[in-house]
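**Student:** need a 3D model of the sequence below.
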Amino acid sequence: MNINIQTIPHKEQRYETPGDWWFDEKGNLEIRVSDMGNLEYEGLVALHELIEVQLCKKRGITTEQVDAFDKQYEADREKGLHGEDDEPGDDPQAPYKKEHFFATNLECLMCGELGLDFKEYEKTVQALSQSEP
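**Tutor:** As a prediction, the model looks like this:
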């Protein structure tokens, strides 16, 4: 298996997310991270995605399940059912809640090891969804 991690403009994500993962037709892992103009921040998102996907794969949670939940969550957000800063993976109904939570914890630890402020990092990530396409 190959793992391909790319930074892309946020508006090119498959849906409203700072990080995305899926497997291509050859079984290679594709990870896309929104460009934030900060290599460390982008690396943290990539780390989160890599941890999350490995745990999901191990536990039988498919890309399709994650994508379907995330897309429905974003549609529900448009209807006002979720707050602007709410994370789909934090929702109790998320099929990958446990995996997302673990990935977020490691992301936070790595942020500290890099000497970065996690709250500032989160603000930058959250601002992606509030920016114009």
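**Student:** contacts, neighbours, all on C-alpha from now
**Tutor:** Fine.
**Student:** what does whichever strand or helix holds E122 contact?
**Tutor:** Using DSSP states H and E, E122 falls within helix 118-130. With contact meaning CA atoms under 8 Å, 6 or more residues apart in numbering, helix 118-130 is reached by 10, 16-18, 34, 36, 41, 85, 108, 111-112.
**Student:** which residues does the spatially most central residue of the chain bridge with?
**Tutor:** Closest residue to the average C-alpha location of the chain: G19 at 3.6 Å, with CA atoms, centre = their mean. Here G19 sits in beta bridges with V33, going by DSSP bridges.
**Student:** dump the C-alpha coordinates for the longest helix that the chain contains into CSV.
**Tutor:** For the chain, the longest helix by residue count, based on DSSP state H, is helix 39-58. What follows is helix 39-58 as a C-alpha-only set of coordinates in CSV (Å, rounded to 0.1, in the frame of the first residue of the first chain):
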residue,chain,number,x,y,z
LEU,A,39,3.3,23.2,7.6
GLU,A,40,3.1,22.3,11.2
TYR,A,41,-0.7,22.8,11.3
GLU,A,42,-1.2,20.8,8.1
GLY,A,43,1.0,18.0,9.5
LEU,A,44,-1.2,17.9,12.6
VAL,A,45,-4.3,17.4,10.4
ALA,A,46,-2.5,14.8,8.4
LEU,A,47,-1.5,13.0,11.6
HIS,A,48,-5.1,13.0,12.8
GLU,A,49,-6.3,11.6,9.5
LEU,A,50,-3.7,8.8,9.5
ILE,A,51,-4.5,7.7,13.0
GLU,A,52,-8.2,7.9,12.4
VAL,A,53,-8.1,5.9,9.2
GLN,A,54,-5.9,3.2,10.7
LEU,A,55,-8.3,2.7,13.6
CYS,A,56,-11.4,2.8,11.4
LYS,A,57,-9.9,0.2,9.1
LYS,A,58,-8.9,-2.0,12.0
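**Student:** what's the end-to-end length of stretch 90-97?
**Tutor:** Distance between the two ends of stretch 90-97: 6 Å, counting by CA to CA, to the nearest Å.
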